[in-house]
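Engineer: pasted the sequence and its predicted model underneath.
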Amino acid sequence: MSISKDDINNFNCLFSSDKETEYKFNIEFTSGGTNSENKTPNIKSYVNCIITQPNIDNPLINELNPTGTYNGWCADIYDSIGIGVSYDVNIYSILDPKILNTSDEINPLLKQFYMANEGEGDLYVNHLGAVLYLVNKLNDTCDETETENENSCKCGNIQSAIWTLLSCPVEFPYSGFIKNDSSVSVTSIGDVLGLINNALQNEEMYSLEDIPLLFEHPVMCAFLVPTTNQISSFHQIILLQCQLDQITTKCSSGGDPHIQTLSGEKYLLNDDIKFINLLSDVENQIFINAQCDKIALNNFEKFIYCKDRIKHKKKIPSLTNFTYFRKLYIKYKEEHLTLNMDDLFVYNQHNVKNIKINQTNSDGLFSIVHNKLYPKNDTTRKISVNISNKIILYVTSDIKTDERHFINLFVNHAKENLSGAMIENSLKNKINSLTEVKN
């Protein structure tokens with residue numbers, strides 16, 4: 001299943017607002033949005049949201065956020081929620097076409113808002129791109145070691161700007177009233193107006209028509225809307241802050257190496273395979289290959305995190321029994337580079353212009369074998385590889401773990417003509433050298 005506009009708009013097929021059956025979640029809120037090691041990013045937000053159900057096949061409780069704890073922002077200044085109370089909610093992407101519709105007959109967000117408020121106040125959805133800009137700005141500039149977010153991006157300023165964008169008929173340049181209440185403190189009205197106007201100037205970055213840019217700004221949002229039977233006890237609408245790579249369809253690989261294809265099939269590469277084509281996109285001239293090999297025991301760190309504890313390497317016989325990814329070869333048209341999988345060092349670059357690599361934060365290596373997030377070490381590394389906005393790779397490495405590597409691969413176009421080991425389990429994906437192009 002490849003990523004398309006529908007996938008991003010509605011998270012994936014389960015979340016499409018066009019489905020006859022809505023998927024409901026149980027959620028609990030904790031006070032103050034305080035910092036928590038369970039959150040990514042670990043910043044101060046208006047409220048913390050804990051997704052509790054369902055906990056099986058749930059894209060909001062996953063390898064990147066196994067606790068299901070997210071930052072939340074209030075989207076409805078006119079109503080309130082209960083802290084420490086469980087609620088049933090429907091979840092809609094902020095880029096769902098129905099959420100962008102201004103009719104309360106079509107837009108479930110507006111329908112629930114006006115049903116709960118009975119004519120008090122308004123909710124505007126014409127600047128949701130500006131809201132996305134605000135959340136991304138907060139994510140980019142916050143200091144996770146601080147108890148309060150930095151400068152103009154303090155929690156109160158962000159919340160007041162979100163309320164204003166959603167509750168007022170705002171147009172650029174805006175110098176009118178800001179929305180706020182006694183639960184939120186701001187540094188100054190000027191700081192809030194500055195955030196609002198910056199957001200209005202940059203909201204086109206999040207246009208539905210320019211999806212590749214969303215990969216460069218990975219923080220997405222969803223609206224938590226109370227189910228109809230919860231209206232009497234839960235009027236508030238909450239904006240859930242989440243990562244693009246937590247909610248979109250992807251394939252992945254890691255471990256020995258284990259692979260999960262775009263269709264969801266999981267399998268283990270044979271140990272006799274030295275070189276494998278992971279992805280061939282002939283139409284766009286994109287090719288990703290891997291070199292696989294076993295690692296001698298003396299080349300492992302002395303102590304290794306394995307499954308749920310740290311062990312001496314000599315007490316983990318499986319370390320030397322299986323192969324690991326050693327190198328990745330990435331080619332786009334005439335550009336190509338090689339990536340060392342242990343330190344994520346790039347070498348042998350040739351004419352690289354449209355393959356963009358960036359360091360990114362990681363909370364630890366995801367174990368594809370044990371389906372859990374390993375603790376973060378001083379050896380944990382993560383990069384993103386953007387191949388001409390068509391293929392996105394997130395590569396994590398940690399040589400102090402038994403699985404060492406994890407790869408997430410996102411496809412930003414139709415998958416019909418794709419092949420390779422991350423698309424299907426087939427011996428035809430075996431190649432003879434790292435740089436062999438498999439047409």
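Structural biologist: Yep, that arrived.
Engineer: okay, CA-based contacts and neighbour counts for the rest of this
Structural biologist: Will do.
Engineer: from residue 194, how far off is residue 200?
Structural biologist: 10 Å (Cα to Cα, to the nearest Å).
Engineer: more neighbours: these two, which one.
Structural biologist: Comparing residue 200 with residue 194 by other Cα atoms under 10 Å, the one with more neighbours is residue 200, at 23 against 18.
Engineer: quick check: that one vs residue 299, distance?
Structural biologist: Distance from residue 200 to residue 299, counting by Cα to Cα: 53 Å.
Engineer: show me the strands in the stretch 51-200 of the chain, by range?
Structural biologist: With strands called from DSSP state E, counting those that start in this stretch, the stretch 51-200 of the chain shows them at 69-74, 86-93.
Engineer: so what does the longest one touch, helix or strand wise?
Structural biologist: Contacts of strand 86-93 with other secondary structure elements, assessed using 3 or more Cα pairs under 8 Å, 6 or more residues apart in numbering; DSSP states H and E, are made with strand 24-30, strand 219-226.
Engineer: lowest average pLDDT across the ones you listed?
Structural biologist: Note on those: lowest mean pLDDT is at strand 219-226, with a mean of 65.
Engineer: how about the helices of this protein, start to end?
Structural biologist: Assigned by DSSP state H, the chain shows helices spanning 5-9, 108-117, 128-141, 155-167, 189-202, 212-216, 244-247.
Engineer: looking at those helices, which is buried most?
Structural biologist: Comparing those on average neighbours per residue, with mean count of other Cα atoms under 10 Å, the densest one is helix 155-167 at a mean of 25.
Engineer: residue contacts, residue 367?
Structural biologist: When contacts are counted by Cα atoms under 8 Å, 6 or more residues apart in numbering, residue 367 touches 254, 255, 373, 374, 403, 406.
Engineer: just to revisit the earlier point, save the helices of the chain as TSV, and put in mean pLDDT too.
Structural biologist: Supplementary listing: these in TSV, determined by pLDDT from 0 to 100:
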stretch	mean pLDDT
helix 5-9	38
helix 108-117	79
helix 128-141	73
helix 155-167	91
helix 189-202	91
helix 212-216	41
helix 244-247	47
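Engineer: same list (the ones you listed) but as TSV, adding distance to residue 87.
Structural biologist: Compiled in TSV, the helices of the chain are given as follows (distance: least, Cα to Cα, whole Å):
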stretch	distance to residue 87
helix 5-9	24
helix 108-117	15
helix 128-141	24
helix 155-167	22
helix 189-202	31
helix 212-216	30
helix 244-247	21
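Engineer: and residue 397, which of these is closest to it?
Structural biologist: Distance to residue 397, taken as Cα to Cα, is lowest for helix 244-247 among the helices of the chain, at 17.0 Å.
Engineer: circling back to that earlier point, do you know which of the helices of the chain lies nearest residue 69?
Structural biologist: Ranking the helices of the chain by their distance to residue 69 (criterion: Cα to Cα) puts helix 244-247 first, at 12.5 Å.
Engineer: residue 345 is in contact with residue 337, correct?
Structural biologist: No - the criterion here is Cα atoms under 8 Å, and residue 337 misses it with residue 345 at 10.4 Å.
Engineer: neighbour-wise, which of the two wins?
Structural biologist: Counting neighbours by other Cα under 10 Å for residue 337 and for residue 345 shows that residue 337 has the greater number, 18 against 11.
Engineer: contact partners for the more buried one?
Structural biologist: By Cα under 8 Å, 6+ apart, the neighbours of residue 337 are 329, 330, 331, 346, 347, 348, 349, 350, 352.
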